[in-house]
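Enquirer: Got a sequence here, can you build the structure:
(one chain, ligands or ions: 1)
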Amino acid sequence: QASESSVINEGYRNPTELKMSQIVLPCHANHRGELSVGQLLKWMDSTACLSAERHAGCSCITASVDDIHFELTIGVGKVVNIIAKVNRAFSSSMEVGILVNCEDLYTDRQWKVCQAFATFVARRTEAGKVQLKQVIPRTQLEQMEYSLAAERRRMRLLHAEIITDLLSSSTAQPECQEYQDAVPAEQTRVESVELVLPPHTNHQVSTFGGQIMAWMENVATISARCVQTAWTILSPATPWRTLRCSRSRWVSSFSTSFQLRMLRTPPHRAAQKADGQMTSPGSSHRGAQFSSLRMASQMSELLNVCLRVS
Ligand SMILES: CC(=O)SCCNC(=O)CCNC(=O)[C@H](O)C(C)(C)COP(=O)(O)OP(=O)(O)OC[C@H]1O[C@@H](n2cnc3c(N)ncnc32)[C@H](O)[C@@H]1OP(=O)(O)O
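Expert: So this is what the prediction gives:
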């Protein structure tokens with residue numbers, strides 16, 4: 001086995017690796033002047049899909065995305081670099097590792113924004129399920145990712161089963177605690193109906209995982225903002241919330257979970273956010289977290305996206 005450095009010296013480049021760079025424009029930003037998480041998720045999903053398709057040599061779809069921790073926010077004018085590569089192919093599915101860095105072109109600084117793992121599945125053909133060719137890891141890092149990919153796959157499939165069981169067999173009694181300034185959960189319910197138009201589709205001319213996640217993030221943000229006096233981010237701190245998206249007639253559905261945390265914003269932070277400045281690396285402000293998205297429906301023409309903070 002060649003060492004990592006010698007492989008790099010030989011000019012080795014992982015054939016499934018794909019890099020996409022985007023400059024953040026005002027049209028990509030949210031109301032705080034930071035890159036919207038939904039837009040970033042769209043870019044991540046598109047980059048990962050191309051990497052998967054390069055390996056598979058055929059059309060692929062997003063099956064799931066593991067938990068994502070957004071460590072920092074990204075301001076307008078910064079460059080987002082997204083690198084995706086296939087860590088391991090199984091039968092018809094493969095794990096794609098996605099790394100997001102942010103770059104300040106004028107100061108030549110770069111910093112990590114997040115890392116994610118997505119599962120893409122090769123679309124069935126008339127002949128049936130596609131059998132993917134195996135990935136051959138060549139560097140030490142690729143070998144490690146190759147081993148970890150199998151373990152992560154085991155955990156995500158188990159996790160999906162546990163969540164399904166939990167929801168179907170839950171006997172939990174509703175908790176009822178008195179809080180001052182409490183907001184009735186129903187008041188946080190937000191529903192958005194999206195008509196799928198050409199700009200919402202990808203090269204396969206169907207809604208893609210990134211677009212669905214962007215709609216979900218949008219609705220989640222509005223829902224969380226219904227809870228007044230608190231600055232809200234998506235984070236790992238609280239129990240599972242369930243979001244359900246479906247076709248207009250609830251014919252097919254997929255379920256996913258958001259984890260939301262309410263943060264009370266100190267006044268100086270609120271001012272920082274209001275002036276639209278980018279949060280610097282090392283700052284304690286975290287962007288958001290998305291959790292365990294499972295795609296299990298076919299393309300929908302009309303999607304209802306509903307969320308309620310419980
Ligand atoms: C709603 C939207 O428009 S989102 C847009 C993009 N995404 C989509 O359209 C995906 C829609 N979903 C689907 O088509 C299906 O649910 C699929 C293809 C993901 C899975 O279909 P299934 O009937 O479960 O197929 P099957 O059981 O053969 O599984 C296919 C592979 O997917 C894998 N898989 C299925 N669910 C998951 C999951 N939640 N996480 C990771 N892998 C999964 C299986 O392990 C299997 O892998 P393998 O072939 O390597 O062993």
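Enquirer: residues in the stretch 51-200 of the chain within reach of the ligand, list them.
Expert: 61-64, 90-93, 119, 121, 129, 156, 160 (C-beta under 6 Å from any ligand atom). (Each C-beta comes from the backbone N, C-alpha and C, glycine too.)
Enquirer: Buried among these? Make that a PyMOL selection.
Expert: Buried residues within these, by 16 or more other C-beta atoms under 10 Å, are selected in PyMOL with:
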select buried, resi 61+62+63+64+92+93+119+121+156+160
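Enquirer: Please name the nearest non-neighbouring residue to Asn14.
Expert: Distances taken as C-beta to C-beta, 6 or more residues apart in numbering put Lys85 closest to Asn14, at 5.1 Å, once the chain neighbours are dropped.
Enquirer: Reduced to three states, what does the one you found come out as?
Expert: Under the three-state scheme (DSSP: H, G, I helix; E, B strand; the rest coil), Lys85 adopts strand.
Enquirer: repeat for Thr47
Expert: Under three-state DSSP, Thr47 comes out as helix.
Enquirer: Would you quantify the distance from it to Leu41?
Expert: 11 Å (C-beta to C-beta, to the nearest Å).
Enquirer: Settle this for me: Leu105 is touching Val79, isn't it.
Expert: Yes. Using C-beta atoms under 8 Å, Leu105 is in contact with Val79, at 5.9 Å.
Enquirer: Neighbour count: the two, which is higher?
Expert: Val79 (15 against 10; other C-beta atoms under 10 Å).
Enquirer: which residues sit in contact with the closest residue to that one other than its chain neighbours?
Expert: Closest residue to Val79 apart from its sequence neighbours, by C-beta to C-beta, 6+ apart: Glu103 at 4.3 Å. Contacts here follow C-beta atoms under 8 Å, 6 or more residues apart in numbering; on that basis Glu103 touches 78-81, 109-110.
Enquirer: nearest residue to Ile222 other than its sequence neighbours?
Expert: Val190 (4.8 Å).
Enquirer: repeat for Leu35
Expert: Closest to Leu35 by C-beta to C-beta, 6+ apart is Ile74, at 4.1 Å.
Enquirer: and that neighbour, how far is that from Leu157?
Expert: 32 Å.
Enquirer: Buried residues, stretch 136-144. List them.
Expert: For stretch 136-144, using 16+ other C-beta under 10 Å, the buried residues are 137-139, 142.
Enquirer: In JSON lines: these, plus secondary structure and pLDDT.
Expert: Converted to JSON lines, those look like this (DSSP: H, G, I helix; E, B strand; the rest coil; pLDDT from 0 to 100):
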{"residue": "Pro137", "secondary structure": "coil", "pLDDT": "96"}
{"residue": "Arg138", "secondary structure": "coil", "pLDDT": "94"}
{"residue": "Thr139", "secondary structure": "coil", "pLDDT": "94"}
{"residue": "Glu142", "secondary structure": "helix", "pLDDT": "96"}
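Enquirer: tell me which of those residues is nearest to the ligand?
Expert: The ligand lies nearest to Pro137 out of the buried residues of stretch 136-144, by C-beta to the nearest ligand atom, at 17.4 Å.
Enquirer: Look up phi and psi at that closest one.
Expert: Dihedral pair for Pro137: phi -70, psi 130, per degrees, to the nearest 10.
Enquirer: And for Trp111?
Expert: Backbone geometry at Trp111, expressed as degrees, to the nearest 10, gives phi -150, psi 150.
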